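>>> Sequence and computational prediction follow.
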Amino acid sequence: MNIHWTQKSKLLAPIAETGHCGIFLVRMLGSIRFERGLLMSTLQQTYLIGARSLVIIMICGFFVGMVLSLQSINALQQFGASDQVSLLVGKSLFRELGPVLTALLFAGRAGTSIAAEIGLMKATSQIEAMQLMAIDPVQRIALPRFLAGLISLPLLTAMFNAFAILGALIFSIGVMGLDPGIFWSKLQTSIYFSQDFMGGFWKSVVFGGLVSLIAVYFGYYAKPTGEGVGTATTRTVVMSSVLVLIFDFIMTSFLI
Amino acid sequence: MKDPIIRVRNVTFKRENKVILDDVSMDIQRGSIVAIMGPSGVGKTTILRLISGQLHPSKGSIEVNGKVVSAMSHRQLYECRRDIGVLLQNGALFTDLTVFENIATPLREHTDLSEDAITERVLAKLESVGLLGTENLMPDSLSGGMARRVALARAVILNPKIVLFDEPMTGLDPIAMSTVRRLIRLTNDELGLTSVIVTHNVDQMNKLVDYCYILAAEKLIAQGSPQELMHNEDPAVDQFMNGRVEGPISFRYKNVTSSKTASPS
């Protein structure tokens, strides 16, 4: 009987945690006040977690673009269609690889930093001090980081896509000797604003919200110990990565 | 001694069926400096958390300024906390803000003062704790004693009625300890505060406080002025005040579960 209940509670735990996370999201959104303080701290966090992730996003985007064009040209050459490389690269990037890879990189770079920072603030009693000063830590700490994630990820995805196309362009033209005119014209005619660009944009907005929500949630409810902060950081990366891929499938099935 | 600002009435507090405090009552008088003392782990910090509304008692009630803390709504509790300054054990300064911004945070949050007025008040508080000139430093470049003084300045910046101190002397050298002790007395008397200090440092408290409560084995075992308690003949009080190893206060952890299991009933 005991084993049965233990198993049941283990099964129910993720559902309970999802509900708890949902309540946390509602509490966070309910604390939005249109005031200068929130705007300034959101901008500051957008710089800290968004702008400071730019270099890694640009480097990864550039090499993803290069490897994508290498693989595409290699496959397309067999059918004499290597001039279609920009179509394949563009579609893959705007629809899938751009938002998904940026979100995974963002979870590793910014998500972990948010969870560790908030967890450490809890471990050093800074969150408690804030509550005792009658300041709502959800409004002052969690909300600006969540909003910054929501703003940053679409912008970072745009940068990732731009550098991936640059990488593909340099490899296709500089190394493989394709015609630049054909590369650009195929890219322009094959990428549709509503289907490809906006599809990727909405994905990046959802992934931005998802990753930053998970990061602030795990950080805020981390055990106030060194081990607790470490666990929160690890769980942020694992849960963000898994959920980004699950939500990618769900959104693709609706957007396609 | 007829004007208590904090009333603790028959408070019992349990955590996971373990009794932390059992039927504890205290009257903390307005304008006084009161110490809550006792061995480590006896529930001293729990009392501070009950007073500040972070925890709710399992039985009994706590009144601050005539209002029952556990009956307050979230909004009322935050209103009440504006009248309470708290200095936590490690200072708990915001590590991403300068000393100036740390002290200015409650002012920015709860007042509509101009930037000039905020600057004036923050610098005046820094001057009063002897740290004028440190306003642009980050908390990680302060010593333990300096951090504690900055935290004190932050705790009293809104001119609260009550200040709660959690182990304010722990980890400080003798000079820093005396400085913090002098500052607590000065701040309390000049601003007309009521100070509640949780500590186990008997020597420092004898030099500072007006009244003491001693907790041991979940209960309030004695109260009185430091002089009265030094001459108290109760074996537990005598053991604590004089730091004796032998006595009724055990230093061994009392495991409730195993003692229940061992019980024949």
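Perfect, I can see it now. A quick note: this is a predicted structure, and the numbers were derived from the prediction, not measured. Numbering: from 1, shown residues only, chains lettered A, B, ... in the order given.

>>> Residue A:105 touches residue A:59, doesn't it?
No - using CB atoms under 8 Å as the test, residue A:105 is too far from residue A:59 to be in contact (9.9 Å). All C-beta atoms are positioned from the backbone trio N, CA, C, and that covers glycine.

>>> can you give me the helices in the stretch 151-265 of chain B?
Assigned helices in the stretch 151-265 of chain B, in chain order: B:174-191, B:202-208, B:226-230, B:235-241, B:256-262 (criterion: DSSP state H, counting those that start in this stretch).

>>> name the helices or strands packed onto the shortest one?
Meaning helix B:226-230. Helices and strands touching helix B:226-230, as assessed by 3 or more CB pairs under 8 Å, 6 or more residues apart in numbering or on different chains; DSSP states H and E, comprise helix B:202-208, strand B:211-216, helix B:235-241.

>>> and these, which is most packed in?
Highest mean neighbour count among these (mean count of other CB atoms under 10 Å in any protein chain shown): strand B:211-216, with a mean of 24.

>>> Name every strand pairing with that one and say which way it goes.
If you go by DSSP bridges, strand B:211-216 pairs up with strand B:33-37 (parallel), strand B:219-224 (antiparallel).

>>> Now do residue 194: how many residues are near it, please.
Picking chain A for this. If you count neighbours by other CB atoms under 10 Å in any protein chain shown, residue A:194 ends up with 8.

>>> um, chain B though
There are 22 residues near residue B:194, going by other CB under 10 Å.

>>> Now do the contacts for it.
Residue B:194 makes contact with B:5-6, B:28-34, B:161-163, B:188, according to CB atoms under 8 Å, 6 or more residues apart in numbering or on different chains.

>>> JSON lines for those residues, including pLDDT, neighbour count and distance to residue A:96?
Compiled in JSON lines, these are given as follows (pLDDT from 0 to 100; neighbours: other CB atoms under 10 Å in any protein chain shown; distance: CB to CB, whole Å):
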{"residue": "B:5", "pLDDT": "91", "neighbour count": "20", "distance to residue A:96": "64"}
{"residue": "B:6", "pLDDT": "92", "neighbour count": "23", "distance to residue A:96": "61"}
{"residue": "B:28", "pLDDT": "92", "neighbour count": "21", "distance to residue A:96": "64"}
{"residue": "B:29", "pLDDT": "90", "neighbour count": "16", "distance to residue A:96": "69"}
{"residue": "B:30", "pLDDT": "90", "neighbour count": "16", "distance to residue A:96": "67"}
{"residue": "B:31", "pLDDT": "90", "neighbour count": "14", "distance to residue A:96": "69"}
{"residue": "B:32", "pLDDT": "91", "neighbour count": "18", "distance to residue A:96": "68"}
{"residue": "B:33", "pLDDT": "92", "neighbour count": "24", "distance to residue A:96": "66"}
{"residue": "B:34", "pLDDT": "93", "neighbour count": "21", "distance to residue A:96": "65"}
{"residue": "B:161", "pLDDT": "90", "neighbour count": "18", "distance to residue A:96": "60"}
{"residue": "B:162", "pLDDT": "92", "neighbour count": "22", "distance to residue A:96": "58"}
{"residue": "B:163", "pLDDT": "91", "neighbour count": "23", "distance to residue A:96": "58"}
{"residue": "B:188", "pLDDT": "89", "neighbour count": "21", "distance to residue A:96": "65"}
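
>>> What lies in contact with the strand or helix carrying residue B:121?
Here residue B:121, judged by DSSP states H and E, is contained in helix B:115-128. Under the criterion CB under 8 Å, 6+ apart, residues B:99-100, B:103-104, B:107-108, B:111, B:113, B:132-135, B:150, B:153, B:156-157, B:183, B:186-187 lie in contact with helix B:115-128.

>>> From the residues you listed, which land in strands?
If you go by DSSP state E, these have nothing in strands.

>>> Put the buried members of the residues you listed into a PyMOL selection.
The PyMOL command for the buried members of those (criterion: 16 or more other CB atoms under 10 Å in any protein chain shown) is given here:
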select buried, chain B and resi 99+100+103+104+107+134+135+150+153+156+157+183+187
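
>>> Show me the subset of the contacts of helix B:115-128 that also lies near chain A.
Filtering those for neighbours of chain A using CB under 8 Å from any CB of the partner chain leaves residue B:108.

>>> Tell me which residue of the stretch 151-256 of chain A lies closest to chain B.
Here the stretch 151-256 of chain A gets closest to chain B at one residue, residue A:224, 11.5 Å apart by CB to the nearest CB.

>>> mind checking how far the residue nearest to that residue when sequence neighbours are not counted is from residue A:72?
Among residues not flanking residue A:224 along the chain, residue A:123 sits closest, at 4.3 Å (CB to CB, 6 or more residues apart in numbering or on different chains). Separation of residue A:123 from residue A:72 (CB to CB, to the nearest Å): 48 Å.

>>> same thing with residue A:78?
In this view, residue A:78 and residue A:72 are 11 Å apart by CB to CB.

>>> which of the two has more neighbours?
residue A:72 (22 against 8).

>>> roughly how far is the helix or strand where the more buried one lies from the heart of the chain?
Residue A:72 is located in helix A:54-76, with elements delineated by DSSP H and E. In terms of CA atoms, centre = their mean, to the nearest Å, the centre of helix A:54-76 is found 19 Å from the chain centre.

>>> got it, and stretch A:77-91?
Worked out by CA atoms, centre = their mean, stretch A:77-91 lies 28 Å from the chain centre.

>>> ditto for stretch A:226-244
The answer for stretch A:226-244 is 14 Å, by CA atoms, centre = their mean.

>>> and it, is it in reach of chain B?
No - using CB under 8 Å from any CB, no contact is recorded between stretch A:226-244 and chain B, whose separation bottoms out at 13.8 Å.

>>> Write out the residues of chain A neighbouring chain B.
A:37, A:121, A:124-126, A:128-136.

>>> Can you flag the buried ones in those?
Among the residues of chain A next to chain B, the ones that count as buried by 16+ other CB under 10 Å are A:121, A:124-126, A:128-136.

>>> Done for today, thanks.
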